[in-house]
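**Q** Return a 3D structure for these sequence lines:
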Amino acid sequence: MDKGRAATAATTALRSVLVWDLPTRLFHWLLVVLVAFSWWSGEQGGSWLKWHFWSGYAILTLLIFRIVWGFFGSGTARFVDFVRGPGAGIAHLRELAGRHQPRDVGHNAIGGWMVVALILVLLAQIGTGLFADDDIMVMGPLGELVSSSTRSQLTSIHKILVNVILLMVALHVVAVLLYWVFRRQNLVWPMVTGRKELPADLAARPPFMASPVLALAIVAAAGLIVWAIVSLG
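**A** Predicted structure coming up:
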């Protein structure tokens, strides 16, 4: 075997590597459950709105954790790893259109921007929910801090953002299915196990994994921040 073939074989040989740490995976799946429950409980109304608010507080805790983890967490969880310019997104689309498999260890360039967009939209959703008022029986914990007209405007935005979030979730699911059908890449299972099949040259440089103890400390701090925010009302 000549050097060119040897190099190709080394590149295409796959090895299982830990790419997603446990805190990132727990964040992902807890967010899925809580967003679904928040949507459902909001649709039910009535006494379920109490749980709707608690679910929102939990989501805000998760979002604060994820933002901090994006700077101090594991390699693939850090924003610097997956937030890239438009050129990287175009290059990724060209990879998808070609025959070669994408070589992203964590989030690809397009998926990275989806992560950022979802965090921002969810922050806006939770932020408006803190002031929301159904004019019947439930008001957000910070509702008394603003005028009734401001509460009404923020409540309207809160309801609109529900549809934006549902659209983003749908796009995410469609993208995952397209990767599975057309590129034979299962993006869900690695987020369950944390492990991903990578070419040997990439597997030789596994991503850094941050301490779970640090993650617990960040979650605890995030919970205290949320408690302080809610207590302002």
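**Q** Roughly how far does the residue nearest in space to the middle of the chain sit from residue 221?
**A** Residue closest to the mean C-alpha point of the chain, counted by CA atoms, centre = their mean, is residue 115 at 4.9 Å. Note on residue 115: its distance to residue 221, by CB to CB, to the nearest Å, is 21 Å. From N, CA and C alone the C-beta is placed, and that goes for glycine too.
**Q** now swap in residue 134 and tell me
**A** Note on residue 134: its distance to residue 221, by CB to CB, is 32 Å.
**Q** Quick check: nearest residue in space to residue 182, chain neighbours excluded?
**A** In space, and not counting its chain neighbours, residue 182 is closest to residue 96: 8.0 Å by CB to CB, 6 or more residues apart in numbering.
**Q** Just say helix, strand or coil for the one you found.
**A** State at residue 96, reduced to three classes by DSSP: H, G, I helix; E, B strand; the rest coil: helix.
**Q** I'd say it and residue 175 touch.
**A** No - applying CB atoms under 8 Å as the test, residue 96 and residue 175 come out as separate, 10.4 Å apart.
**Q** pLDDT at residue 168, what is it?
**A** The predicted structure scores residue 168 at 96 on the pLDDT scale.
**Q** And the helix or strand where it lies, how far out from the chain middle?
**A** In this structure, residue 168 sits in helix 148-182 according to DSSP states H and E. Centroid separation between helix 148-182 and its chain, computed with CA atoms, centre = their mean, to the nearest Å, is 13 Å.
**Q** so what secondary structure elements neighbour it?
**A** Packing partners of helix 148-182 (3 or more CB pairs under 8 Å, 6 or more residues apart in numbering; DSSP states H and E): helix 22-44, helix 109-129.
**Q** What are the buried residues along it?
**A** Residues 151, 154-155, 157-158, 161, 164-165, 172, 176, 179 are the ones in helix 148-182 that count as buried (16 or more other CB atoms under 10 Å).
**Q** can you check stretch 54-72 too?
**A** By 16+ other CB under 10 Å, the buried positions in stretch 54-72 come out as 55-66, 68-70.
**Q** chain center to that stretch: distance?
**A** 10 Å.
**Q** thinking again about what came up before, so how far is residue 210 from the residue nearest to residue 182?
**A** Distance of residue 96 to residue 210, computed by CB to CB: 30 Å.
**Q** List the contacts of residue 142.
**A** Contact analysis of residue 142 by CB atoms under 8 Å, 6 or more residues apart in numbering lists 130-131, 229-230, 232-233.
**Q** can we see that at 6 Å?
**A** With contact taken as CB atoms under 6 Å, 6 or more residues apart in numbering, residue 142 is in contact with 130-131, 233.
**Q** Now tabulate those in JSON lines and tack on pLDDT and distance to residue 27.
**A** Formatted as JSON lines, the contacts of residue 142 follow (pLDDT from 0 to 100; distance: CB to CB, whole Å):
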{"residue": "130", "pLDDT": "97", "distance to residue 27": "21"}
{"residue": "131", "pLDDT": "96", "distance to residue 27": "25"}
{"residue": "233", "pLDDT": "76", "distance to residue 27": "27"}
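**Q** Looking at residue 179 now. What's its pLDDT?
**A** pLDDT, residue 179: 83.
**Q** ok, it touching residue 187?
**A** Yes - in this structure, residue 179 is within contact of residue 187 by CB atoms under 6 Å, at 5.5 Å.
**Q** circling back to that earlier point, only the buried subset of the contacts of residue 142, as a PyMOL command please.
**A** Of the contacts of residue 142, the buried ones go into a single PyMOL selection, burial set by 16+ other CB under 10 Å:
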select buried, resi 130+131
